[in-house]
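Asker: all I have is the shape, not the residue letters:
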């Protein structure tokens, strides 16, 4: 399927673009060149090729998730400047109405 000058004018109209006659001629040639490359790709035999998500092998650089115990309540409250037996004490941040 070849791109014609009429096709380029139609696409330009849809995209609300304006081109000179020279630009339209050049775009017609470039689009036909691109379609030629696509035809070359279509002729490649890919029947025995498995689909890939990436062209290179990708390995995760992140560590595996592991469950580790957290701080106990006593250990966490030990470092707090102010606390009760079970909670951190913080200044009041919401004013009364």
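Answerer: Nice, thanks for sending it over. Quick caveat, the model's predicted, so the values are computed rather than measured.
Asker: wait, a helix at residue 11?
Answerer: Yes. Remark: residue 11 belongs to a helix, assigned using DSSP: H, G, I helix; E, B strand; the rest coil.
Asker: that one: how many residues sit nearby?
Answerer: By the measure other CB atoms under 10 Å, the count of residues near residue 11 is 13. Every residue, glycine included, has its C-beta placed from N, CA and C.
Asker: what does the pLDDT read for it?
Answerer: pLDDT, residue 11: 95.
Asker: how close does it sit to residue 3?
Answerer: 9 Å (CB to CB, to the nearest Å).
Asker: what do you get for residue 35?
Answerer: Going from residue 35 to residue 3 by CB to CB gives 7 Å.
Asker: okay, the residue located most distally from the centre of the chain: pLDDT?
Answerer: Going by CA atoms, centre = their mean, the residue of the chain most distant from its centre is residue 85, 47.8 Å out. With respect to pLDDT, residue 85 scores 85.
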